[in-house]
Structures are given as structure tokens and as C-alpha cells.
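Undergrad: sequence unknown, structure follows:
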Ligand SMILES: Nc1nc2c(ncn2[C@@H]2O[C@H](COP(=O)(O)OP(=O)(O)OP(=O)(O)O)[C@@H](O)[C@H]2O)c(=O)[nH]1
Ligand SMILES: [Mg+2]
């Protein structure tokens with residue numbers, strides 16, 4: 001059977017997973033009338049809640065007697081490492097571009113990686129159903145992007161399809177049609193079949209899956225020869241060392257699942273069960289002729305955060321896994337599949353430094369751990385500073401903001417305060433399109449301020465660009481916080497008295513501890529407050545005073561918002577039930593001493 005291996009790549013939200021839905025339906029992967037819902041491939045809990053893809057995934061369909069292995073990839077820049085490694089399985093890519101937004105920072109990144117690997121690109125201008133969309137302009141912009149990325153003559157001749165994943169059609173012109181078959185035919189026509197090589201077995205492990213029945217599963221493309229059930233093989237590790245191993249079971253992809261087979265030939269993707277101690281990047285090879293494939297390199301992390309045991313007074317109350325041993329083992333396990341993540345031990349046995357690609361990358365890990373039953377304390381995210389030629393350098397990113405023209409002045413002011421410099425300003429339909437070069441530091445906490453300043457209208461995206469000279473101090477959070485003086489149950493009485501001093505993160509009746517961050521102060525500077533005070537009982541009730549108090553609903557930040565909110569002397573307690581912001585030093589006296597010592 002002929003094979004096509006394609007990866008679907010794009011900037012976040014440009015419609016990759018929706019396209020995969022349509023491919024699965026068009027090729028009748030499901031029974032008629034089977035309830036499937038939308039975004040079928042976004043199968044894990046966090047993906048469904050957030051409506052984004054976090055992990056890349058494989059599916060496989062048959063169209064006109066050709067097997068098409070489809071790889072859905074995440075579009076958020078924090079998960080770029082995920083895209084880089086799975087592109088190794090593909091021979092072609094479908095690059096989706098939103099017909100209104102045009103190429104965005106992550107479009108550039110994923111296309112660059114695909115072109116470097118010499119994959120055949122098919123461009124899909126998606127969402128032409130959108131009002132104000134500009135497919136022709138977007139096509140020109142995509143061509144320009146290919147050109148700027150030094151595409152070869154052949155790559156510049158990319159075929160283009162237009163359509164709407166949502167409305168279920170793609171055609172090779174802007175004329176609407178009724179299905180996605182023109183695109184499917186395009187995939188058969190333009191994407192070359194895999195290079196089938198005879199010879200000794202060679203397959204690189206590019207992904208890792210886990211099943212409670214089968215254990216760890218190695219996924220990749222058979223590069224050369226065949227791989228058979230029961231075959232004795234060696235794993236060639238990154239350092240060149242060899243490990244004897246045996247293939248217990250073999251699977252190929254079929255629909256959304258896998259089918260057990262006894263042999264897989266060069267060019268197809270497969271899942272190998274029963275290998276011990278393998279890592280992503282290892283080559284499965286013939287024991288007599290162990291030849292490694294080139295190692296997989298992914299871009300470096302740009303951000304770090306400390307993960308420590310929970311050392312709040314509530315330690316162990318809400319979680320199952322709470323010791324440093326638990327946290328250490330879990331983090332190490334994560335690095336096996338999360339290639340862009342790095343974990344380092346610190347001087348303290350209870351703390352680990354975790355390096356990732358951004359707030360979302362690290363936040364998703366913390367959120368996953370918390371759902372698995374872990375308790376931990378995480379510190380405020382720090383960008384990774386590098387010493388280059390004896391000078392301090394920091395990561396800079398390209399920030400793109402699309403905003404109604406009325407708000408563009410506010411956006412420029414805000415980004416300039418954060419040491420961003422404007423590169424491009426142009427109009428795009430009724431919106432203003434702005435591009436900035438900004439230190440990654442300046443991006444921390446920027447999203448919420450940007451949304452407040454633009455009444456929620458700004459659409460922003462950013463992506464790491466390069467390390468440049470340190471840009472000097474950047475103002476952090478301008479407001480202080482209200483910090484709990486005493487532990488206990490919060491009372492409506494005390495919160496009511498303090499409401500005009502700040503916006504509360506807690507409500508009456510919550511159990512708190514001293515040193516917990518309870519509210520944002522309306523002014524700079526922190527204030528220690530008593531939030532557990534009971535109303536004094538008096539015999540006389542003053543006329544006009546009312547017992548029923550009106551408390552403003554609490555402000556509830558997501559974990560990532562907390563990560564962007566906290567300052568250097570604060571941290572976040574994370575448990576399966578709660579996310580609490582707190583001061584790193586809980587005791588009021590010790591805290592004020594530390595603050596004094598730091599300012600001297
Ligand atoms: N108007 C319109 N909306 C679309 C179209 N295709 C997808 N969408 C919507 O765009 C949003 C994002 O779609 P997804 O398919 O999740 O995008 P994605 O590229 O997989 O996103 P990530 O995996 O998070 O990078 C969803 O709300 C879709 O319903 C389209 O053709 N037209
Ligand atoms: Mg997706």
C-alpha cells in the first residue's frame with residue numbers, strides 16, 4: 001500500500017485540529033451516526049478544557065487506497081519542541097494560515113523547521129468564511145515568508161488550497177465547494193511517498209506513548225528495512241552506547257487508534273511495545289549493524305522556575321504526593337517525553353529548577369501534576385540570562401498585537417514601558433497590526449494588562465527570537481498586596497472593612513494562614529491585614545448599621561495568571577484542591593527584616 005506521512009502545522013488556533021476532524025470524517029473513520037464531537041484529537045483533559053492542542057498526536061486514514069498518516073501538532077509557541085521532534089516522521093506538511101490573520105510568529109517558526117527538513121509544503125489558507133478575511137493578501141504574505149526563510153525554488157512553488165475547516169470544504173481556488181476531497185487529492189499528488197530503503201533495520205524514536213496495559217510505547221518512522229514482532233534489536237543511545245532489546249509487539253496507526261501487526265516496512269509509522277529504557281531520539285537498529293540516525297535537537301528553554309515541596313502550614317492536607325522524592329521522580333519522568341523541558345537539582349534537596357519554553361509550557365506541567373495528586377510550591381518564573389562575550393544577554397521575542405485602531409496608542413505605551421521597541425505598524429482590515437521586539441521579561445504579566453487596557457480586544461502572540469544585550473530594569477507589578485497577619489477562617493466582617501483597600505482573592509469562610517496573599521492592594525507597597533477578625537458583640541445596636549454586608553466576588557486567577565502575577569519574594573502553593581499565592585517568608589517579622597536587608 002502506498003503511504004503519505006503529513007504533519008499539520010500552523011500558528012495557534014489557525015484550525016489544525018479542526019482540519020484533522022474533517023479528514024477523519026471524510027475518510028469514514030467513524031460509523032455513520034457515531035457521536036464524535038469537535039476537536040476529536042484534543043483528547044486529554046487539559047486540551048479539552050482549554051481548547052488548545054498541547055501534545056502532538058497520530059492518526060491514520062485510508063483515501064483512494066493510499067494510507068495517510070496524519071500528525072496533528074500544537075500551535076502555541078511554548079510547545080514548539082513538540083512540533084520539532086514529530087516533523088521527523090513526516091514527508092510533507094500542510095501549513096494552515098488564517099485568511100484574516102495571515103502568517104503569525106509561530107507560522108514562521110514551524111515553516112522554518114519544515115523547510116530545513118526539506119519537507120514538501122502545501123499551503124492552506126483557512127477560515128475564508130471569516131468576515132473581512134483577505135485570502136489574496138495572505139497568500140502574498142505567505143509567499144514572502146517562504147522567500148525570507150530562504151526556501152528553494154521548488155519549495156517556493158508550493159501548491160495553495162483555500163477553504164474553511166469549519167464549513168468543511170477546501171478547494172484549489174477560492175471557489176467554494178462541498179467537501180475536502182480537492183485537498184485530499186492534493187495531498188496524494190504533491191506530498192511524496194516516503195523514501196523506502198532496503199537494508200538493516202533503522203527506526204528513530206520520535207514520540208513516547210503510555211498505556212496501562214502495554215507500558216511505555218516507542219513511536220517513530222521505520223527509516224530503513226523492516227521491523228518485526230519478536231525481533232532482537234539494539235537501541236543506539238545519544239552517547240553512542242548500545243542497549244540490547246527485543247520488540248515484543250508492533251502496532252501501526254489506524255483511524256484514531258492502533259492495530260497490531262507482525263511486521264512494519266520502511267516508510268510507515270509504527271508503535272513498538274516492550275522496549276526497556278528507551279528515550280526519545282534513540283535509534284532502533286539491527287544488532288549486527290547498529291547505525292544511529294542523526295540526533296533530534298530542539299530549541300533551548302528560555303525560562304526557569306523552582307519547584308519545591310509544599311512548605312506552607314497546610315502541607316499534606318490536600319495532596320497524595322508531597323515529598324521531595326515524589327516531586328523529583330515525577331519531574332524526571334516528564335523529561336523523558338517533554339524534550340524542551342530540563343530539570344536541575346539545586347543546593348536544597350527539596351527544590352528543583354525546571355527550565356521550559358514559557359509560562360504555558362511550565363504551567364501545563366504544574367497543572368498536570370496537581371491533577372495527579374501532587375502538592376508543591378512554585379516560584380516566580382525567571383528568564384534565562386546568558387553570558388556572551390563577558391556581557392549579560394537575555395532572550396528577546398517578537399510580539400505581535402492586533403487591535404482596533406483606537407487602542408493602538410495604549411498598546412504602544414504599555415509595550416514601551418516594558419522596554420519593547422516597535423518594528424511594524426500597519427492596518428489589517430479594521431484592525432491595527434503592531435509588531436515589537438521585546439525582552440521576554442517584559443512579556444511576563446503583559447497579557448492581563450493588555451486586555452485591561454484594550455477592553456479585551458487585543459489579540460497577541462509572541463515567539464522567541466534571539467538573545468540580545470540585557471535591557472536594564474523593567475518595572476514589575478505596580479500594586480502591592482494585602483498579606484494575612486493571622487491564620488484562621490476569614491470573616492465577612494473583616495473583608496468588608498478592607499474592601500476599599502484592595503481586590504480580594506479569597507472570600508469569607510476560607511481557611512488561610514499568616515503570610516498568604518489575600519488581595520491586591522490598590523496602591524504600591526504591601527500591607528499586613530487581619531482578615532479573621534470577628535465582629536465585636538455589643539448590647540446596643542446602633543441604628544442605621546446593617547449586619548448584612550455586601551462583599552464583592554473574589555478575583556479568581558488561573559494558575560498561569562498567578563505565575564505571571566507573583567513577584568520575586570512570593571510563590572504559589574499548588575495542591576489538587578487549591579492554588580494559593582503567598583509570601584516566600586511567611587513570618588511577618590522575618591519578612592520585614594529580609595526586605596530591609598535587601599534594600600541596604
Ligand atoms: N471561522 C472559522 N473558524 C474556524 C475554522 N476552522 C477552525 N475554526 C475555529 O478556530 C478555533 C481553533 O481551531 P482549532 O482547530 O482548535 O485550531 P488549532 O490550530 O488546532 O489550535 P492549537 O492546536 O491550539 O494550535 C476553533 O474555535 C475552531 O472552531 C474555519 O474554517 N473558520
Ligand atoms: Mg489543535
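TA: Received the coordinates, thanks. Quick caveat: nothing in here was measured; it's all calculated off a predicted structure. Residues are numbered from 1 along each chain as shown. Ligands and ions are numbered 1, 2, ... in the order given.
Undergrad: Quick check: next helix or strand after the helix or strand hosting residue 462?
TA: Applying DSSP states H and E as the criterion places residue 462 in strand 459-469. Proceeding N to C from strand 459-469, the next assigned helix or strand is strand 481-484, under DSSP H and E.
Undergrad: Next one: residue 313 from ligand 2, what distance?
TA: The spacing between residue 313 and ligand 2, counted by CB to the ion, to the nearest Å, is 41 Å. Placement of C-beta: from N, CA and C, glycine included.
Undergrad: now that residue, nearest residue through space, not along the chain?
TA: Leaving aside its sequence neighbours, residue 313 sits nearest to residue 513 (CB to CB, 6 or more residues apart in numbering; 4.5 Å).
Undergrad: who's in contact with the one you found?
TA: 312-314, 484, 487, 582, 586 (CB atoms under 8 Å, 6 or more residues apart in numbering).
Undergrad: try residue 46
TA: By CB under 8 Å, 6+ apart, the contact list for residue 46 reads 54, 364, 367-368, 371.
Undergrad: export the residues you listed to a markdown table and tack on distance to residue 384, pLDDT and secondary structure?
TA: As requested, the contacts of residue 46 are arranged in a markdown table below (distance: CB to CB, whole Å; pLDDT from 0 to 100; DSSP: H, G, I helix; E, B strand; the rest coil):
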| residue | distance to residue 384 | pLDDT | secondary structure |
| --- | --- | --- | --- |
| 54 | 22 | 92 | coil |
| 364 | 19 | 95 | helix |
| 367 | 22 | 96 | helix |
| 368 | 22 | 96 | helix |
| 371 | 27 | 96 | helix |
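Undergrad: Turn the buried ones among these into a named PyMOL selection, would you?
TA: The following PyMOL line selects those of the contacts of residue 46 that are buried, judged by 16 or more other CB atoms under 10 Å:
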select buried, resi 54+364+367+368
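Undergrad: Residue 192: how many residues sit nearby?
TA: By other CB atoms under 10 Å, 11 other residues sit near residue 192.
Undergrad: Please apply the same query to residue 292.
TA: By the measure other CB under 10 Å, the count of residues near residue 292 is 17.
Undergrad: Would you enumerate the residues in contact with the nearest residue to it once chain neighbours are set aside?
TA: The shortest distance from residue 292 to any non-neighbouring residue, by CB to CB, 6+ apart, is to residue 236 (4.1 Å). Taking CB under 8 Å, 6+ apart, we find residue 236 in contact with 242, 282-283, 285, 290-292.
Undergrad: again with residue 303
TA: Neighbours of residue 303 in contact, by CB under 8 Å, 6+ apart: 355-359, 361-362, 381-384, 440.
Undergrad: Show the low-confidence segments of this protein, by residue range.
TA: Residue ranges of the chain with pLDDT under 70: 537-548.
Undergrad: and it, which residues reach ligand 2?
TA: By CB under 5 Å from the ion, the residues of the chain that approach ligand 2 are 16-17, 53.
Undergrad: Quick check on residue 413: phi, psi?
TA: Main-chain torsions, residue 413, degrees, to the nearest 10: phi -60, psi -50.
Undergrad: how many other residues sit next to it?
TA: Residue 413, neighbours per other CB under 10 Å, totals 10.
Undergrad: Quick check: it vs residue 472, distance?
TA: Using CB to CB, to the nearest Å, residue 413 is found at 18 Å from residue 472.
Undergrad: All the strands of the stretch 251-400 of the chain, residue numbers only.
TA: 257-261, 263-265, 269-273, 283-285, 303-308, 342-345, 351-356, 376-378, 382-383, 386-388, 391-404 (DSSP state E, counting those that start in this stretch).
Undergrad: repeat for the stretch 1-150 of the chain
TA: Counting by DSSP E, counting those that start in this stretch, the stretch 1-150 of the chain has strands at residues 2-10, 57-63, 66-72, 92-98, 120-126.
Undergrad: Alright, calling it a day.
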